[in-house]
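1. structure, please.
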Amino acid sequence: MGILRIGHASLRVMDMAAAVRHYENVLGMRKVMEDKHGNVYLKCWDEWDKFSLILTPSDRAGLNHVAYKVEREEDLDELQEKIEAYGISTTMLPEGTLPSTGRMLQFNLPSGHEMRLYAFKECVGTDVGNINPDPWPDDIRGAGAHWLDHCLLMCELNPETGVNKVAENTKFATEVLGFFLTEQVVVGPNGSIQAATWLARSSTPHDIAFVGGPRMGLHHIAFFLDDWHDILKAADVMAKNKVKIDVAPTRHGITRGQTIYFFDPSGNRNETFAGLGYLAQPDRPVVTWTEEHLGSGIFYHTGELVPSFTEVYT
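-> I've put the predicted structure just below:
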């Protein structure tokens, strides 16, 4: 029972045509519909629910909301009670608020980010079906991302004023939403400040992550690829499509993932993320990274931080 996995992300984009080309031609997603408000819905080839990304027209980039799917309809009512008891107000949005989606529990994390939970979204199947399927479809485009994998949210962190939304989000996510902590970064005197956390509900190293910064925002949404070879192919696709790459192919120490960071045409950061990393389970000891080894934790090969990686986000 409870949260299963990430369900979709809703992003603001400033040039819809350019954004759709990016997510179709670079990530390999497929446009499934457009609503009367001009919002565009897309899915990856290996996803079975109708959509995992919503692009909304706007004059600025950033995240509208991130949504996670729960196992049962009753979970929405149980979680609403728990969230309200924790002191966070909620709204139950009716079925059909989003196309092909059941009712959604809407609330804000302590950081201010909007999250939604839902139990139903129309199942349209993967592009290879589920009867004697091939390993991949013949019409894969771009990097051929399998699915939307996770998101990383930037949370206000100001130790001088006692503000730590990373720690607040982590406490709420673990105590109320049922996530478990897989890795963390601690800084400050005796590692007393929890500056970044990675949390899971499934068996992957993270389904969501929180990192401290001067203001709240979206750091990135990530799409899953199989392995290092696919990461290198994705870099070729990005170069061919003149995509702005933030961090070239490398490996994380944190999560052990193989990665590229890059931007969509509006400036929303994307990631292609490959590899299991490790088997994440609630009883696995939490991995802790200390301040002096933060560079290796983020970029294992060089051990050096890239300024834009921590300073630029929407």
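
2. hmm, residue 271 and residue 252 touching each other?
-> No: if you go by CB atoms under 8 Å, residue 252 and residue 271 don't touch, sitting 10.0 Å apart. Yep, even glycine has a C-beta here, placed from its N, CA and C like the rest.

3. contacts only, for residue 50.
-> Neighbour list for residue 50: 32, 33, 41, 43, 99, 100, 121, 122, 123, 124 [criterion: CB atoms under 8 Å, 6 or more residues apart in numbering].

4. picking that back up, tell me the residues that contact both of residue 252 and residue 271, please.
-> Shared contacts of residue 252 and residue 271, counting by CB under 8 Å, 6+ apart, come down to residue 259.

5. looking at this, residue 32 is in a strand?
-> Yes: under DSSP: H, G, I helix; E, B strand; the rest coil, residue 32 falls within a strand.

6. so it versus residue 122, what's the distance?
-> According to CB to CB, to the nearest Å, residue 32 stands 10 Å off from residue 122.

7. who's more crowded, those two?
-> In this view residue 32 and residue 122 are compared by other CB atoms under 10 Å, and residue 32 has more residues nearby, 17 against 13.

8. re the thing from before, mind checking which of the contacts of residue 50 land in strands?
-> Among those, the members falling in strands are 32, 33, 41, 43 (criterion: DSSP state E).

9. could you work out the most separated pair of the residues you listed?
-> 33 and 43 (9.9 Å; CB to CB).

10. okay, the two: which has more neighbours?
-> Ranked by neighbour count (other CB under 10 Å), residue 33 and residue 43 place residue 43 first, with 23 against 13.

11. which ones are touching that one?
-> Per CB under 8 Å, 6+ apart, neighbours of residue 43: 29, 30, 32, 49, 50, 51, 52, 53, 124.

12. not counting sequence-adjacent ones, nearest residue to it?
-> residue 51 (5.0 Å; CB to CB, 6 or more residues apart in numbering).

13. the one you found touches residue 41, doesn't it?
-> Yes: using CB under 8 Å, residue 51 is in contact with residue 41, at 3.9 Å.

14. overlap in contacts, those two.
-> What both residue 51 and residue 41 touch, as defined by CB under 8 Å, 6+ apart, is the set 32, 33.

15. more neighbours: those two, which one.
-> It is residue 51, of residue 51 and residue 41, that has more neighbours when counted by other CB under 10 Å, with 26 against 22.

16. three-state assignment of the more buried one?
-> Applying three-state DSSP: residue 51 is coil.

17. related to what we said a few turns ago, between residue 33 and residue 43, which contacts overlap?
-> 50, 51.

18. the residue lying closest to residue 145 once chain neighbours are set aside bridge partners, please.
-> Nearest residue to residue 145 in three dimensions, chain neighbours excluded: residue 223, at 3.6 Å (CB to CB, 6+ apart). For residue 223, the beta-bridge partners under DSSP bridges are residue 148, residue 272.

19. same question, residue 108
-> Beta-bridge partners of residue 108, counted by DSSP bridges, are residue 114.

20. just the residues contacting the strand or helix carrying residue 166, thanks.
-> According to DSSP states H and E, residue 166 maps onto helix 165-175. The contact list for helix 165-175 (CB under 8 Å, 6+ apart) reads 86, 88, 109-112, 153, 155-157, 179-181, 184, 194-197, 199, 208, 210-212, 216.

21. so after it, what's the next helix or strand?
-> Downstream of helix 165-175 (by DSSP H and E), the next one is strand 180-187.

22. state the distance from the residue nearest to residue 145 to residue 98.
-> Plainly put, residue 223 is 20 Å away from residue 98 if you go by CB to CB.

23. out of those two, which sits in the busier spot?
-> More crowded of residue 223 and residue 98, by other CB under 10 Å: residue 223, with 27 against 22.

24. could you pull up the residues touching that one?
-> Residue 223 makes contacts with 27, 44, 143, 145, 146, 147, 148, 149, 270, 271, 272, 273, as judged by CB under 8 Å, 6+ apart.

25. from the residues you listed, pick the one nearest residue 310.
-> Of those, the one sitting nearest to residue 310 (CB to CB) turns out to be residue 271, at 14.4 Å.

26. distance of that closest one from residue 81?
-> In terms of CB to CB, residue 271 sits 35 Å off from residue 81.
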